Each structure stands twice: as structure tokens, then as C-alpha cells.
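K.L.:
Quick one, structure for this:
(chains A and B)
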Amino acid sequence: MPKKSGEKNNNIIEVKNLVKKFGDFIAVANISFEVKKGEIFAFLGPNGAGKTTTIKMLTTLLEPNSGTVSINGFNPQKEKDETRKSFGIVFQDPSLDDDLTALENMEFHGIFYGVPDKIRKERIEYLLKFVGLWERKDDLVKRFSGGMKRRLEIARGLIHHPKILFLDEPTLGLDPQTRNHLWEYIKKMNKEEGMTVFLTTHYMDEADRVADRIAVIDHGKIINHGTASQLKKETKTNNLEDAFLKLTGHGIRDEDASAKDNLRSHARLWRGRK
Amino acid sequence: MNSPVYIMWLRQVKKYLRSKSRIIGSLGQPLLFLFALGFGLGSLYKQAEGGSFIDFLVPGIIAMSILFTAMFAGIEVIWDRQFGFLKETLIAPVSRFKIMLGRTFGGTTTAIFQGIIVLIISVIIGFRPDLLLLPVALLFMILIGLFFTSLGTALASKLEDMQGFQLIMNFLIMPTFFLSGALFPLGTAPEALKIVSYFNPLTYGVDGLRGALTGVLQFGIPVDFIVCFALTGIVLWIGSEMFSKIQI
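P.N.:
Below is the predicted model of the structure:
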């Protein structure tokens, strides 16, 4: 029997005692939290704190060592497809096909998520207009600026009307104008569609402005959570950045520079890409 | 026609058709072989075997361009991983098998397209294939394309980056081509070479293709077909198994 989405309680995301180890390294150490339906939830932490690893486990890309996760009432390990239909995601790194047009990228996504023809066409037009890319729909994505690509990725993540939108550092490297625009879109979607938003960012002012609740993670553990004003009050600071630094310390973290960075430069040489 | 397999196929084909430089670039090597060897060794071949060396060579060169294009199409998974698009496909509610199948069909289509260009150029320089058996030739082209696209995908699923690519090129693609009977008749080759080539899947593909196009055969079309068909099935299965185990 098909399971109804978890509407009986108010939590659209539930995480209990989640653990992920890579060999001896504990990336996520027994974390638990809930996100309420319709909430904008910010997941903050220094580089390498375990944010992306957690998102990967919530979005079926990575298997946890132990603990339970519920996304829209589904188990991401066992009910992969149902879980996947429940959320949209904008990754930290780009995930568009540069050699396709904006419209083709959108179409591809819509078909992969089984959105019926008529609805798909309507939504794609609406979303591309919404992010201001409708006039550029037939241009190859490789001709787009960083900000345009991000906007396109966000529009793409919304085609299948997800209940939850995951945003992993969506505004990284964008100018303030584009960032403001993006958050306006996202807040609008959150209000109009009741879409839950789960985001990570390094810009504390953004988290302060958009998030209903915030969890701070460091060394794989959630060290504090609450509203922005609660966090500021508890740490006796005036802004979220100071609160964040007080909670996580001033030491600089290394992010794992993977083989991918090498490959990227290699790939550019190979294909003569910029 | 809105299945994920179809849209994946369409994506591969569109990308291929958009990169004109790649289409022309990957014709360079086969044509060089065709002209340099075909005309260079033609008279020598005539003395030894009798008949036209170009006629003998064309099916081998068609197989070569399919082999190269198909392998590259499979290995493109690494690029998709690198440029992030792989994540977009793997996180969708679509089985990995369907994604792999769409990719493989797409890569095969481009490889066959490349093979057909070589065939057309060969006809221009005087090659006369057996028209009745062209569908059989196409069948072998499809099998070679499917086999090597799946093989490329299987290998790319295990590779993090392009570092291993030279290794594949020099120790897999090149030997596969040279030891397949694409360039010289296996019938008169030394025993050791013959034995090695019997273990090379491309040998049967080339033989079937040559049989269909020119009537010159080593094993016979049924044997070639059964071997190619079985091996393609196996490697398609291995490829989809390995593709479905990719971790992001």
C-alpha cells in the first residue's frame, strides 16, 4: 500500500542519531533535529563541519552508518524514488549541462521527474520567467554568467514542485544584487507554495534575514540551535556572525581539496574550456 | 516519447551534433589510416593476397572509428561527474539502469554516425560495398558500438578523474584495434598473433562487418554475430552494474 506522506505530525524532516564515518574519520557524529513543514531552516557550520555530508544522507546520495532519517514521511535509504520526488536540490557545485540550452536543461529535469507534458511546459515557462531567463531560454548554458546559472539551477529544482528545497550554499560567489534576488524568489516560493527550505550558507547575514530557525554544526555535532535572536541572546552577541564565531571558534578549517580540483583544470586543458 | 531513456539518448546525440570540431577531429585518425595504409601498402597487399587492400581495410577502419567514438562516449561519464551533471541524473527518481541505457544508446548512435561517415568517404574513393548486406553491416556496427560504449561506461564508473585515461588509450583501445584483424588478414598471421586476436571481441565485429560489406570472412557471419551479441549482452550488464554503484 502506498504510504501517505508524513502529514500526521508537523515535521517534514526528522533526523535521529545520524552517524556517518569515512574510515576512522567521523564526519557526522550522532546528530538529531527536526524541520517543520513550511519552515526556512538554516544549517550553518565552518568548512568540513559535516553540512554537505548530512545533506547527502538526507537526499539519498549517501548511506548513513546508523540513525534514522525521514523526509516527507519517507525513508531515503529504502524509499529512494518517493524521497527523490519530495525534494528539489541546488548543489554547492554546478550541475547543469553546459552544452545544452536553458530550456533543454529544464525539459530534461521535467522528464526525469515524470512531470506530464502540459504541466511541464507551463511550469518551465513560469519558472524561467520567474528567474528572468525566459528570453535566454534557447541560449547554451555555457554562455551564462555564474548568477544566471544559479538562477537556472534553482528554477530547475522547482519544476517537479518539491515539498522541500535543499540549497547547499546557493549564493556562493554571487554578487549582492543576485543574492538578494535569489532570496526573494526563495522566500516567495516558501510563502506561496508552503515549500520547506533547508539551506546552508557561509553568509551569516543571509541566514539571519531569511531563516526561521538555525542549527549550528561543528566537528559533526550540532552545537546549538534556535532562532537567530535566541542564538544571539545565548552567546551575548549583537549579530549572527559573532554568535557563530563564538560557538565555533576562530580557527581556520581546511576543506578537503579532492582530486576533482585537479581534474577540473585538466578538463579545461583537454577541452579548451575557459 | 518522454521516457528518461529517450531524453538521455537525445542529450547525448545533441551534444555530439553540436561539437562539430569533435566530429571532424575524430575523423582524422581513421582517414589517415585509410589513406596512408590503404594506398601505401596497396601494391604490397596485391602481390601477397591478391585483390584490393582498400576493400580489405575499409571495414577495419569503420570499426576503428566506431571503437574510438564509442569508448569516448562511455568515458564521458567522467566529464559529467566533473562538471556536475552526473549528480543531477543520479539524484532523480529514475533507475540507474535506465540512465545507463539511454547513455549507451546515445553513445552508440554517435559512434555509428561516425562509422557511416567513414563508409561514405570510402565509397567516394572507390569502395563498393555489397548493398544487399548493408543491413547486416549496420547490425554489426550497432553491436560494436553498444559493446564499447558499455565498456567505456563501466571503466569510467571506476575512474575518479582522467588520469587513467592514457592508460586506457594505450593498453586497451590501441591493442584492441591493432590485434583485431582490422589492418591485416588474420589467416596468414603468425599463430601467436592469431590466438591473441581470438580473445579480442573486436575481431568478431570486424570480421562480421567485413563479411557483410565485402564477402571476405574468417569465421562466418553466424559465429561473428553470436559472439558479438553474447559479449555485448554481458558487458552491458557489467556496465550497468558498475554504473549503479557510482558514489557521488
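K.L.:
As a check, name the ranges of all helices in the stretch 101-250 of chain A.
P.N.:
Secondary structure of the stretch 101-250 of chain A (DSSP state H, counting those that start in this stretch): helices located at A:102-112, A:117-130, A:146-157, A:176-193, A:204-210, A:228-235, A:240-248.
K.L.:
From the contact counts, what lies against the longest one?
P.N.:
When contacts are defined as 3 or more C-beta pairs under 8 Å, 6 or more residues apart in numbering or on different chains; DSSP states H and E, helix A:176-193 sits against strand A:40-44, helix A:146-157, strand A:164-168, strand A:196-200, helix A:204-210. Where C-beta positions appear, they are placed from N, C-alpha and C, glycine not excepted.
K.L.:
Nearest to B:V235, out of those?
P.N.:
Nearest to B:V235, of all those, is helix A:146-157, at 33.1 Å by C-beta to C-beta.
K.L.:
could I have the closest one exported to CSV, CA atoms only?
P.N.:
In CSV, the C-alpha atoms belonging to helix A:146-157 read as follows (Å, rounded to 0.1, in the frame of the first residue of the first chain):
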residue,chain,number,x,y,z
GLY,A,146,27.6,32.5,-12.7
GLY,A,147,24.5,34.2,-11.4
MET,A,148,22.3,33.2,-14.3
LYS,A,149,23.4,29.6,-13.9
ARG,A,150,22.5,29.6,-10.2
ARG,A,151,19.1,31.1,-11.1
LEU,A,152,18.6,28.4,-13.7
GLU,A,153,19.5,25.7,-11.2
ILE,A,154,17.0,27.0,-8.7
ALA,A,155,14.3,27.2,-11.3
ARG,A,156,15.2,23.6,-12.4
GLY,A,157,15.0,22.3,-8.8
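K.L.:
what's in contact with that helix?
P.N.:
Helix A:146-157 is contacted from outside by A:88-91, A:94-96, A:102, A:105-106, A:109, A:127-128, A:130-133, A:136, A:141, A:144, A:165, A:167, A:170-171, A:173-175, A:178, A:181-182, A:185-186, using C-beta atoms under 8 Å, 6 or more residues apart in numbering or on different chains.
K.L.:
Can you select the buried ones from these in ChimeraX?
P.N.:
Buried subset of these, written as a ChimeraX selection, criterion 16 or more other C-beta atoms under 10 Å in any protein chain shown:
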select /A:88,89,90,91,94,95,96,102,105,106,109,127,128,130,131,133,136,141,144,165,167,170,171,174,178,181,182,185,186
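K.L.:
And residue 38, which helix or strand is it part of?
P.N.:
I went with chain A, as the question did not name one. Using DSSP states H and E, A:G38 sits within no helix or strand.
K.L.:
My question was about chain B, not that one.
P.N.:
Element membership of B:G38, judged by DSSP H and E, is helix B:38-40.
K.L.:
Turn the helices of the stretch 101-250 of chain A into TSV, including distance to B:P222.
P.N.:
Below are the helices of the stretch 101-250 of chain A laid out as TSV (distance: least, C-beta to C-beta, whole Å):
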stretch	distance to B:P222
helix A:102-112	40
helix A:117-130	44
helix A:146-157	49
helix A:176-193	61
helix A:204-210	68
helix A:228-235	74
helix A:240-248	70
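K.L.:
Go through those helices and name the closest to A:Q77.
P.N.:
Nearest to A:Q77, of the helices of the stretch 101-250 of chain A and by C-beta to C-beta, is helix A:102-112 at 20.9 Å.
K.L.:
pLDDT below threshold where in the chain?
P.N.:
As the question left the chain open, I've gone with chain A. Chain A contains residues with pLDDT under 70 at A:1-9, A:254-274.
K.L.:
try chain B instead
P.N.:
Low-confidence segments of chain B, defined by pLDDT under 70: B:1.
K.L.:
dump the residue contacts of the residue most central in space within it.
P.N.:
Central residue of chain B (C-alpha atoms, centre = their mean): B:L67, 2.4 Å from the mean position. Counting by C-beta under 8 Å, 6+ apart, B:L67 touches B:A111, B:I144, B:F148, B:I173, B:T176, B:F177, B:L202.
K.L.:
With distance to B:Y198 added, can I get the helices and strands packed on helix A:176-193 in CSV?
P.N.:
What follows is the helices and strands packed on helix A:176-193, written out as CSV (distance: least, C-beta to C-beta, whole Å):
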stretch, distance to B:Y198
strand A:40-44, 59
helix A:146-157, 50
strand A:164-168, 52
strand A:196-200, 57
helix A:204-210, 65
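K.L.:
Minimum distance to B:A137: which of those has it?
P.N.:
With C-beta to C-beta as the criterion, B:A137 lies closest to helix A:146-157 of the helices and strands packed on helix A:176-193, at 41.7 Å.
K.L.:
Could you list the buried residues of that closest one?
P.N.:
A:G147, A:M148, A:K149, A:R150, A:R151, A:L152, A:E153, A:I154, A:A155, A:R156, A:G157.
K.L.:
if we can go back for a sec, quick one: residues in contact with the helix holding B:G38.
P.N.:
Contacts for helix B:38-40 (C-beta under 8 Å, 6+ apart): B:F53, B:I54, B:L57.
K.L.:
nearest residue to the last one other than its sequence neighbours?
P.N.:
Take B:L57 and drop its neighbours on the chain: the residue closest to it by C-beta to C-beta, 6 or more residues apart in numbering or on different chains is B:G38, 5.0 Å away.
K.L.:
out of the contacts of B:L67, which is most surrounded?
P.N.:
Most neighbours among those, by other C-beta atoms under 10 Å in any protein chain shown: B:F148, with 32 neighbours.
K.L.:
How about the contacts made by residue 61?
P.N.:
Reading this off chain A. B:K87, B:L90, B:I91, B:Q247, B:I248.
K.L.:
oops, chain B please
P.N.:
The neighbours of B:I61, taking C-beta under 8 Å, 6+ apart as the test, are B:P30, B:L31, B:F33, B:L34, B:V118, B:S122, B:A182.
K.L.:
helix, strand or coil for it?
P.N.:
Of the three states, B:I61 takes helix under DSSP: H, G, I helix; E, B strand; the rest coil.
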